[in-house]
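Colleague: Below is the structure, and that's it, no one-letter string:
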């Protein structure tokens, strides 16, 4: 006998339905943006949905077809939101590119994704003018501004004006329905080895993540909130907030390129922001500004901090001095990104403040949808005792199955199920609270951005005087970590630290270049010839960087 | 070119994954149940998941196969939760039957659903002994108790003992994965005409509803909460709480058959309940008990009230006197059930308390997933102005497409999309706040104008002498219909018809005020606690109004 089927309405989970929902039920709720142009712009969900429809028409008129990639190089703002929906909603794929990458990386990523349209903020005009010849697949360059601000002269042939594209359309467009497993967006992550790799999200994965992310024990988003994502929209879709905010009908405040403490504080106050999200380093500037000017937050109540471990001292300052609840979160590009959040259970209500603090400094428990385990090096599950540290693996409907255009599956099979190896090392306690103890062995996390140690080593190894090199993370008071390069010179070769560092210039973005170089006689190796980084980190943990 | 597909893990949305999640990440969080046996029972999510697996094994051993229906006649308790998961999780269909229905209706429903197993609490042993011969499809009767409490003698041939079934299994059972659109459970709704009709939920619809129901602007469920569903598990799956609670890892408190004010109050206090949910009538008993004994709630902070319109007077008492936030909700069996909830937007923060109260007395805005419209009698959409009242239609992935074994589709097509007609009459204001003005069949049509029976009842309920009130249409020679109010007075309260009618003056237009008031000892209720207006209209159809 065949199983009985449910008899509920069949409706695919479509990203367009989020903005339609916001426009229909929260139409006059505002979206306020600090623009790259410098001014403050106000719109609402009704207008944004209409403009997203016009944008979908414009993409169609430009010849875009289902599956085509629309890339963005843009700050957080209403136009970027329109592109998210206009592209994904019309079955195109929104590809957000991190403008902080080195130009060659940007070109490599755009070519790998075969982007056909590239939309960019005014800020990035000089960059794109330089890069355009290398962007082989891009047929249309769209400057995200109005006619008045378009450059009189540009090397970009046929440069299009975003506002003109919108104005040419009538908005008479019905959002299509299609397979919910269709790709909606791509985000590249710079892994530890080789080229960046793309995570390809689907409508289904994005909507399930959006539901989960808005839950009380996740980002806790409500129509009562005024939400300012400091985390950029090119950084794993601003942790999903451009989806969660219309889902709940909240007011959205976008900071554009203005992420300094003063600009953020003024925007928090003038727009009555209640909730924010960002990497630890961005809060340093805000905290300094507020402390130095003896200010207070009037409405700011909660913030999610993730991207890299939040220093306990920062959590205490925000909570004890400013009355801002810090939600410590952990996730990855490969996880859309939300995995765990530090939120208490009913049984923890009785804890004293110090014990609560210590618990909340962990990365927390999973949100429903994600499951996790820690494994030893033989891929055997380790106990959840808060002590055993192992390789963290995860699974869930918003975790990638594979990377874009990479044949080899990244997954491991344990107990008959497939898991994604995060590359992080963690403990999990009896209550399911996970704590990252060792980041992935090689990656250096500088101010929330990852620097690939392999990239650094590959460049160093290209220097004629270098025999072997290892890049390791070195503690830094401001950036959390900065790269330190440990070098074995070739016999009889001569080179100074400055020589080696100079060699990096033009080969990597400035912020990715190591802060210091140390010369040693030899590097420790494993039996199979790999450099023992753990040992190196141990050896140089007290090295004082010249930048510290 | 084919559209690009997402590259995320493919995992069907399975109900079993909820309890696996709770067991893995919230294993020692408690489930506390007042049992039909009379005592208080404590277990946790780990034990419950294990016992649900054993139950799945037991169903298999009994010969159940995919799609078979497992019926329950049971109160809210841990065993009922185990059956929800043991049945649905193993691809059987959990069919909750309302024991308050008339025995012939129960038999009709069980036969219509072709239930093959029937699990029931001790309370219902006499009922089932009487009904068993009529339950043609049931092959196994399972008494939800242990061996010691099994009856020495019973007319039910081969009556099985629930605890024995569990104890016979080893729990070595892997939850299967299958099509997420497979039926998970059935709930019958007693229509006003003809036989009850079944809504067949799927794993997908149940999980999407579970995510949505736990959102901050819905039931706002967190791992910090202690949740007591007063709404029965046979009443649209206790509004989804048996799914939402393990999703967030909260503590669950189950009242069993003990729904009187004293029992509930004691359970709220002893288990530190923070959140509850139920129909308006159940709160009457609790409020009376607390008021009469001058008690206070120590931990109870929020409650959802739905099922029928919550009288404003009750909302004010709970909020102003007891400090309990009331979330006014609206839904239907056909909607899993959640449709709208009364939760404020950021723009409403500035409202004065009186305006906030009036807004929160509406049924509120939709939760993402559901969309709604109001239509005139020609199925043309009506404006959202808070004044135009029309037939409310809805759509969403947890709204039924059709009824079980009923050929004719209930849906209407408007603007090319299919909508489910709710049978409710409502207004929607500019902010998307919906307010039910009536059931379409309860509307009182006086001289071509519509009078809302709910408005009349809400005013009557605010009178200090009124315990419960129902407004019904009464034949009138000139106006066709005029309102008649039927009232149950509070114990020892004194009031005349003139007193009650005088109370309406200034609160409603003169022509909307009832023509007469009748006092009765009690009102007839449906099995789900709603006033049986059809019965009342039948009873009083020949009542001669003083105005006639």
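Modeller: Structure's in. What do you need? The structure displayed is predicted, hence computed values, not measured ones. Numbers count the residues shown, from 1 in each chain, chains lettered A, B, ... in the order given.
Colleague: Report the secondary structure state of residue A:468.
Modeller: At residue A:468 the chain is in strand, as set by DSSP: H, G, I helix; E, B strand; the rest coil.
Colleague: Bridge partners for it, pull those for me.
Modeller: residue A:488 (DSSP bridges).
Colleague: Against chain B, how distant is it?
Modeller: Residue A:468 sits at a distance of 36 Å from chain B (criterion: Cβ to the nearest Cβ, to the nearest Å). The way it works is simple: take the backbone N, C-alpha and C, and place the C-beta from them, glycine included.
Colleague: which ones are touching that residue?
Modeller: A:461, A:487-488, A:523, A:531 (Cβ atoms under 8 Å, 6 or more residues apart in numbering or on different chains).
Colleague: Check residue A:338 too.
Modeller: A:209, A:212-213, A:218-219, A:239-240, A:329, A:331, A:367, A:370, A:398.
Colleague: Over to residue A:525?
Modeller: Here residue A:525 is in contact with A:531-532 (Cβ under 8 Å, 6+ apart).
Colleague: same deal with residue A:132?
Modeller: A:138, A:141, A:155-157.
Colleague: Could you single out the nearest of these to chain B?
Modeller: Of all the contacts of residue A:132, residue A:138 has the smallest distance to chain B: 16.9 Å, by Cβ to the nearest Cβ.
Colleague: leaving aside the residues next to it on the chain, what's closest to that closest one?
Modeller: Leaving aside its chain neighbours, residue A:138 sits nearest to residue A:118 (4.9 Å; criterion: Cβ to Cβ, 6 or more residues apart in numbering or on different chains).
Colleague: Can you tell me the SS state at that neighbour?
Modeller: Assignment for residue A:118 (three-state DSSP): strand.
Colleague: What about it, how many residues nearby?
Modeller: A count of nearby residues for residue A:118, using other Cβ atoms under 10 Å in any protein chain shown, gives 27.
Colleague: Now for it: which residues touch it?
Modeller: A:70-73, A:110, A:128, A:135, A:138, A:140-142.
Colleague: now, among those residues, which is nearest to residue B:183?
Modeller: When these are ranked by distance to residue B:183 (Cβ to Cβ), residue A:70 comes first, at 39.8 Å.
Colleague: Just to check, that closest one is in contact with residue A:93?
Modeller: Yes - the pair residue A:70 / residue A:93 is scored as a contact, 6.9 Å apart, by Cβ atoms under 8 Å.
Colleague: and the contacts of residue A:338 near chain B, which?
Modeller: A:212, A:398 (Cβ under 8 Å from any Cβ of the partner chain).
Colleague: quick one on the thing from earlier: of all pairs in the contacts of residue A:118, which one is the farthest apart?
Modeller: So for the contacts of residue A:118, where distance means Cβ to Cβ, the most widely separated pair is A:70 and A:128, at 14.6 Å.
Colleague: if we can go back for a sec, look up the residues forming beta bridges with the residue nearest to residue A:138.
Modeller: With DSSP bridges as the rule, residue A:118 is bridged to residue A:71, residue A:141.
Colleague: tell me the secondary structure for the residue in the stretch 351-500 of chain A that chain B sits nearest to?
Modeller: Relative to chain B, the nearest point of the stretch 351-500 of chain A is residue A:432 (3.9 Å; Cβ to the nearest Cβ). Following three-state DSSP, we place residue A:432 in the coil state.
Colleague: Residue A:357 - how many residues pack around it?
Modeller: When neighbours are counted by other Cβ under 10 Å, residue A:357 comes out with 15.
Colleague: do the same with residue A:542
Modeller: Residue crowding around residue A:542 was assessed by other Cβ under 10 Å; the count is 8.
Colleague: can you check residue A:300 too?
Modeller: 24.
Colleague: where's it relative to chain B, distance?
Modeller: 14 Å.
Colleague: Surely that residue and residue A:274 touch.
Modeller: Yes - using Cβ under 8 Å, residue A:300 makes contact with residue A:274 at a distance of 6.6 Å.
Colleague: List the contacts of the spatially closest residue to residue A:77 that is not a sequence neighbour.
Modeller: Sequence neighbours aside, residue A:33 is the residue nearest to residue A:77 in space, at 4.2 Å (criterion: Cβ to Cβ, 6+ apart). By Cβ under 8 Å, 6+ apart, the residues touching residue A:33 are A:40-43, A:76-79, A:253-254, A:256.
Colleague: so residue A:33, which of the three states?
Modeller: Residue A:33 ends up strand, using three-state DSSP.
Colleague: now swap in residue A:422 and tell me
Modeller: strand.
Colleague: Show me which residues of the stretch 201-350 of chain A are close to chain B?
Modeller: Near chain B, when you scan the stretch 201-350 of chain A using Cβ under 8 Å from any Cβ, you find A:201-205, A:208, A:211-212, A:214-217, A:220-226, A:247-251, A:272, A:336, A:343-349.
Colleague: Would you list the buried entries among the residues you listed?
Modeller: The neighbour count (16 or more other Cβ atoms under 10 Å in any protein chain shown) marks A:201-205, A:208, A:211-212, A:214-217, A:220-226, A:247-251, A:336, A:343-346, A:348 as buried among those.
Colleague: Checking the closest residue in space to residue A:259 that isn't next to it in sequence next. Helix, strand or coil?
Modeller: Nearest residue to residue A:259, sequence neighbours excluded (Cβ to Cβ, 6+ apart): residue A:282, at 6.0 Å. Secondary structure, three-state DSSP: residue A:282 is helix.
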